[in-house]
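Got a predicted structure plus its sequence, pasted below:
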Amino acid sequence: MTLYKALTIAGSDSGGGAGIQADLKTFQMLDVFGTSAVTAVTAQNTLGVHGIYDIPLEGIERQIHAVLTDVGADAAKTGMLSQPQVIELVADCIAKAGLTRLVVDPVMVAKGGASLLAESARDALREKLLPLAAVVTPNLPEAEVITGLKLSSLDDMKKAAVVIVKEMGAGAAIVKGGHYEGAPTDVLYDGESFHLLSAERYETRHTHGTGCTFSAAVCAELAKGRTLLEAAHTAKKFITLAIRYELGIGGGHGPTNHWAYTRHGGDTDSGVQLQKELTTP
Ligand SMILES: Nc1ncnc2c1ncn2[C@@H]1O[C@H](COP(=O)(O)OP(=O)(O)O)[C@@H](O)[C@H]1O
Ligand SMILES: Cc1ncc(COP(=O)(O)O)c(N)n1
């Protein structure tokens, strides 16, 4: 059996639902060997973020170097990067390593409202990291910040995805619709055509780490050599089932269920629809 490996460069969530913890659990469930470079430690639970402790730049660089010079990575993803200098450092390491299967999840704010990315880091994100990404996975508010557009419809989401790819140089964009009313439909744009990934909306407060889990699943599938479309489709099924089969942990926004995809009929039971859009930009 070929062993595939993925590296996550992200923040630690002590509560186990988001960040590095969500990423490693997702890699494992999708049969990919996970490694990590921790950018910041958060004291966090389902009720909120109670402290953020940034890792010194040298420590982040050494973790990435240690992983890439020995274990290796077939794909990588970024999550919470916190500060502009961290973004610059990470972009530099990725470029030097020639890692092309890079998923950038532009994490900005935790579900409870705590800021996980300094405002001063937004330019670095746009200018240094997005051009290196095979795919960027913003939620609606993140896509608004990145593009400066107000997004209130599926058409707006498509426009934002085009800006991220055509003007900012990302390989592809998946603008996620979890914050949009109605069915949680995500828009994928790969520079040529649009695809819509849609699923049923589950009314639950246990959505902590949905973005991390989704982007980690995309990363794991890219590590195995799947196409972006295949990777996004699997990731959507993975997150939909992880939300549907909630664990009920904690008194606030609880984690999703990383076991659900393998325990509950992963490929057949999610109800996820993947549809190619006939309109082009
Ligand atoms: N209540 C929900 N029911 C079903 N799917 C959801 C729900 N909330 C979010 N999703 C899906 O979870 C994934 C993560 O989306 P989103 O919540 O927008 O990201 P983030 O965690 O970055 O804010 C997307 O595929 C989105 O469509
Ligand atoms: C360390 C860390 N990284 C990322 C998130 C965002 O989580 P979400 O996926 O819910 O937006 C978080 N709450 N904590």
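Sure, I can see it. Numbering: from 1, shown residues only. Ligands and ions are numbered 1, 2, ... in the order given.

Please make it C-alpha for all contacts and neighbour counts, starting now.
Will do.

Distance from the chain centre to whichever helix or strand residue 42 is part of, please.
Under the criterion of DSSP states H and E, residue 42 resides in strand 32-45. Taking Cα atoms, centre = their mean, to the nearest Å, one finds strand 32-45 lying 13 Å from the centre of the chain it belongs to.

all strands of this protein, in order?
Along the chain, counting by DSSP state E, strands occupy 4-13, 32-45, 48-54, 75-78, 102-104, 135-136, 173-175, 186-189, 194-198, 273-276.

Direction included, what does the fourth one pair against?
Each strand that pairs with strand 75-78, with its direction, by DSSP bridges: strand 4-13 (parallel), strand 102-104 (parallel).

distance of the residue of the stretch 1-150 of the chain found nearest ligand 1 from ligand 2?
Closest approach between the stretch 1-150 of the chain and ligand 1, counting by Cα to the nearest ligand atom: residue 139, at 4.4 Å. Per Cα to the nearest ligand atom, to the nearest Å, residue 139 is found 8 Å from ligand 2.

try residue 72
For residue 72 relative to ligand 2 (Cα to the nearest ligand atom), the value is 23 Å.

got it, and residue 1?
31 Å.

Now do that residue, the pLDDT please.
Note on residue 1: pLDDT of 82.

how many other residues sit next to it?
3 (other Cα atoms under 10 Å).

The residue of the stretch 1-150 of the chain closest to ligand 1: what's its closest spatial neighbour, skipping adjacent residues?
residue 176 (4.7 Å; Cα to Cα, 6 or more residues apart in numbering).

Could you pull up phi and psi at the closest residue to ligand 2 within the stretch 101-250 of the chain?
Closest contact between the stretch 101-250 of the chain and ligand 2, by Cα to the nearest ligand atom, is at residue 209 (3.2 Å). Main-chain torsions, residue 209, degrees, to the nearest 10: phi 90, psi 10.

near ligand 2, which residues of the stretch 151-281 of the chain show up?
Residues of the stretch 151-281 of the chain found near ligand 2 (Cα under 6 Å from any ligand atom) are 208, 209, 210, 211, 212.

returning to that earlier point: alpha carbons of the strand holding residue 42, as PDB, please.
Output of strand 32-45 as PDB, limited to C-alpha atoms (Å, rounded to 0.1, in the frame of the first residue of the first chain):
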ATOM      1  CA  VAL A  32      -3.100   9.900   5.000                       C
ATOM      2  CA  PHE A  33      -0.200  10.200   7.400                       C
ATOM      3  CA  GLY A  34      -0.300  13.600   9.000                       C
ATOM      4  CA  THR A  35       2.500  15.900  10.200                       C
ATOM      5  CA  SER A  36       2.200  19.400  11.700                       C
ATOM      6  CA  ALA A  37       3.900  22.700  12.200                       C
ATOM      7  CA  VAL A  38       2.200  24.600  15.000                       C
ATOM      8  CA  THR A  39       2.000  28.400  14.400                       C
ATOM      9  CA  ALA A  40       0.200  29.300  17.600                       C
ATOM     10  CA  VAL A  41      -1.200  27.600  20.700                       C
ATOM     11  CA  THR A  42      -4.700  28.500  21.600                       C
ATOM     12  CA  ALA A  43      -6.400  27.800  25.000                       C
ATOM     13  CA  GLN A  44      -9.800  27.100  23.400                       C
ATOM     14  CA  ASN A  45     -12.900  25.000  24.100                       C
END
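
Rounded mean pLDDT for that strand, please.
Here strand 32-45 scores 98 as its mean pLDDT.

Packing partners of it?
Applying 3 or more Cα pairs under 8 Å, 6 or more residues apart in numbering; DSSP states H and E, we find strand 32-45 packed against strand 4-13, helix 19-29, strand 48-54, helix 57-66.
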